[in-house]
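J.: Quick one, fold the following:
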Amino acid sequence: MKASYLQRIYGLKVTIVAIITFTAGIALEILAAHPELVTIGWLHWLPLKEIGGTLFAAGLFGIVWDYADGREKEKREDERIRRLLVESAPDFRDAVVRGFGVEDEDLKRVATPELLDSIAGNVLAMRLGNRAFAEEVYADIRDQAVRAPERWHDVRVNIRLSSIDESSTVGAALYVVSVQWEYTVVPSHSTQRFACVSDKDEYRELVSDIPATSTWFMTPRPGFDASSREAFELVRFSVDGEERSIRRSARKTGQTYSVRIGDEVVGAAQPVRVSYTYRTITARAGHLLHFDIDQPTRGIEVTLDYSDTDIADVRVLDLIASTKHAHVDRTPASVPGQSVTLSFDGWVFPRTGVAFSWTRQSEIDDQAA
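T.: Sure thing, here's the model as predicted:
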C-alpha cells in the first residue's frame, strides 16, 4: 500500500513537470512569433523560437511517454524488487536468526508468549529429532520453570536432629527436627503461610498454593498430632535480617502459621534474603527425612547435623535430576560432632529434593549380636 502510494506521487510529479515544460514551450513560441510582446530588452538576443520548440517537444514527449510506459515501468519496478528480495532473502534470514540467537531483547520486542513457546518447541524438536518427545519435554520445563512464580538463589538448609527422652514421649521414640531455610528471592506474595495438617483433602488443596503456602502432612498416630505445637511449630521468620511477627491458628486437623512479608517488599520487586526456622518431630524408626524443592533453585547446600542422636551412619539420597553431580562432604570421625552436607551449584527444578536415611547404633549392635 505504501509503495503504491509513493508510485502515484512520483507519477503525478512527472506529469506536472511535463505539463509545465509543455506550457513554457508554447509561451516561448508565442513570444517568438510576436516580438512586440517582449518588453525586456535582453530577451531579444535569445533564440526564443528554438528554446520554445525544444521545451514544447520535451513536455509533449514526456506526457505521452509517461502515459504509454507507466504500466510497464511499474511492472519492471515490481520485478526488480522481487529479484532483490529473492537474492537478499538468505542474508536477511541469517541476520534475523543470528539476532534472535544472540540478542533476546530483539525477540522479546516482537514475540508473544505463545509465539515464544512455539519457537522453543520447534527448536527443541529439531535438536531432539522427535516432535512428540520435544513437546512433552518443553511443556514440563515451561510449567516448572517459565511459569514458576518465584526463583530461589543460594539456598542454605541447616537441619539438626536431637533425641527426646523416650520416657517423655507417647508412642514411638522420636527425634526433634530443627530446620532453618535461608534463600534469596523476589517475593511474589505478601503473606507466607506454613501449614501442618492431618487431613489428606486439606493437604491436597493447600499444596497447590505453592509458594504462598508451605504444607506438611502428618499421619495421625500416637505422639503425632498435627494441631500441636510439639508436633510442628514455626519459631522464626525474617526478611533481610528483620524479624517478622508470626500468627498461629489451630483446628482439629492441623494448624497454620502466617507471616506478613509486606506489600511494599513485593511491590519493589527486588531480591531479599528470606530466613525461617521451624521445628517438627519424626520417628527414630522411620529412618528417613525428605526435603522437597518447591521452586526453581540456583545453588543449594543442605547440612544435616546428627551429633545429638544415637545415629551411627547417615546416607544421602541425591534426588536432583541433572547431568551435574552434587558434592557430599562428611565431618571426619576424629572431629567432635557428626554432620553431612550436600551441595549443588546448578539449577534444581521443583519436585526434586534431598533425602537422608540413617542407621542407629543400637541397630548395628543388634545385628552384631
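
J.: Could you chop the protein up by domain?
T.: As recorded under automatic domain parsing, the domains making up the chain are 2-102, 111-146, 152-368.

J.: Throw the ones you listed into JSON lines and include mean pLDDT, thanks.
T.: Formatted as JSON lines, the domains of the chain follow (pLDDT from 0 to 100):
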{"stretch": "domain 2-102", "mean pLDDT": "62"}
{"stretch": "domain 111-146", "mean pLDDT": "82"}
{"stretch": "domain 152-368", "mean pLDDT": "91"}
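
J.: what's the most buried one of those?
T.: Mean neighbours per residue, mean count of other C-beta atoms under 10 Å, is largest over these for domain 152-368, with a mean of 16. The way it works is simple: take the backbone N, C-alpha and C, and place the C-beta from them, glycine included.

J.: Sheet partners, orientation included, of the helix or strand hosting residue 344?
T.: Here residue 344, judged by DSSP states H and E, is contained in strand 339-348. Within its sheet, strand 339-348 is paired with strand 297-308 (antiparallel), strand 327-330 (antiparallel), according to DSSP bridges.

J.: Quick check: the gap between the residue sitting nearest the centre point of the chain and residue 249.
T.: In the chain, the centroid-proximal residue (C-alpha atoms, centre = their mean) is residue 146; its distance is 4.5 Å. Per C-beta to C-beta, to the nearest Å, residue 146 is found 34 Å from residue 249.

J.: go on, residue 366?
T.: For residue 366, the distance to residue 249 (C-beta to C-beta) stands at 44 Å.

J.: still on that earlier bit, which helix or strand lies directly C-terminal to the strand holding residue 344?
T.: Counting by DSSP H and E, what follows strand 339-348 is strand 352-360.

J.: Determine the set of other helices and strands touching that following strand.
T.: For strand 352-360, the elements it packs on are strand 288-293, strand 297-308, strand 311-318, judged by 3 or more C-beta pairs under 8 Å, 6 or more residues apart in numbering; DSSP states H and E.

J.: Out of the ones you listed, the one nearest residue 83 is which?
T.: Nearest to residue 83 among the helices and strands packed on strand 352-360 is strand 297-308 (51.2 Å), distances taken as C-beta to C-beta.

J.: and the angle from that closest one to strand 352-360?
T.: Interaxial angle, strand 297-308 versus strand 352-360 (axes from the mean of the first three to the mean of the last three C-alpha atoms, to 10 degrees): 10 degrees.

J.: neighbouring contacts of strand 297-308?
T.: The contact list for strand 297-308, computed with C-beta atoms under 8 Å, 6 or more residues apart in numbering, reads 151-163, 183, 289, 291, 293, 314, 336-348, 354, 356, 358.

J.: try 6 Å
T.: The contact list for strand 297-308 (C-beta atoms under 6 Å, 6 or more residues apart in numbering) reads 152-162, 337-345, 347-348, 354, 356.

J.: and what of stretch 338-348?
T.: Under the contact criterion C-beta under 6 Å, 6+ apart, stretch 338-348 has outside partners 293, 297-307, 314, 316, 320, 322, 324, 326-331, 354.

J.: go on, stretch 210-228?
T.: So stretch 210-228 is contacted by 150, 169-171, 189, 193-198, 203, 206-207, 231, 250, 254-255, 294-295 (C-beta under 6 Å, 6+ apart).

J.: Could you check how far the residue lying closest to residue 348 once chain neighbours are set aside is from residue 146?
T.: Nearest non-adjacent residue to residue 348, counting by C-beta to C-beta, 6 or more residues apart in numbering: residue 297, 4.4 Å away. Distance of residue 297 to residue 146, given as C-beta to C-beta: 15 Å.

J.: Residue 243 too?
T.: Counting by C-beta to C-beta, the gap between residue 243 and residue 146 amounts to 34 Å.

J.: same deal with residue 228?
T.: 40 Å.

J.: next one: residue 122
T.: According to C-beta to C-beta, residue 122 stands 16 Å off from residue 146.

J.: Repeat that for residue 280.
T.: Here the criterion is C-beta to C-beta. By it, residue 280 lies 33 Å from residue 146.

J.: Residue 141 should be in a strand, yeah?
T.: No - the assignment for residue 141 (DSSP: H, G, I helix; E, B strand; the rest coil) gives helix, which keeps it out of a strand.

J.: The nearest residue to residue 207 once chain neighbours are set aside sits in which helix or strand?
T.: Distances taken as C-beta to C-beta, 6+ apart put residue 215 closest to residue 207, at 4.9 Å, once the chain neighbours are dropped. With secondary structure defined by DSSP H and E, residue 215 is part of strand 213-217.

J.: What's the first helix or strand after that strand?
T.: Moving toward the C-terminus from strand 213-217, the next helix or strand (DSSP H and E) is strand 232-239.

J.: Restricting to C-alpha, output that following strand in CSV.
T.: These are the backbone C-alpha positions of strand 232-239, laid out as CSV (Å, rounded to 0.1, in the frame of the first residue of the first chain):
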residue,chain,number,x,y,z
PHE,A,232,5.2,-28.6,64.4
GLU,A,233,6.0,-25.0,65.1
LEU,A,234,7.3,-22.1,63.1
VAL,A,235,9.7,-20.4,65.5
ARG,A,236,11.3,-17.6,63.5
PHE,A,237,10.9,-15.7,60.2
SER,A,238,12.9,-12.8,58.9
VAL,A,239,13.3,-10.7,55.7
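
J.: Show me what that strand is packed against.
T.: With contacts taken as 3 or more C-beta pairs under 6 Å, 6 or more residues apart in numbering; DSSP states H and E, strand 232-239 sits against strand 272-283.

J.: Tell me the gap between the strand it packs on and the middle of its chain.
T.: Centroid displacement of strand 272-283 relative to its chain, using C-alpha atoms, centre = their mean, to the nearest Å, is 28 Å.
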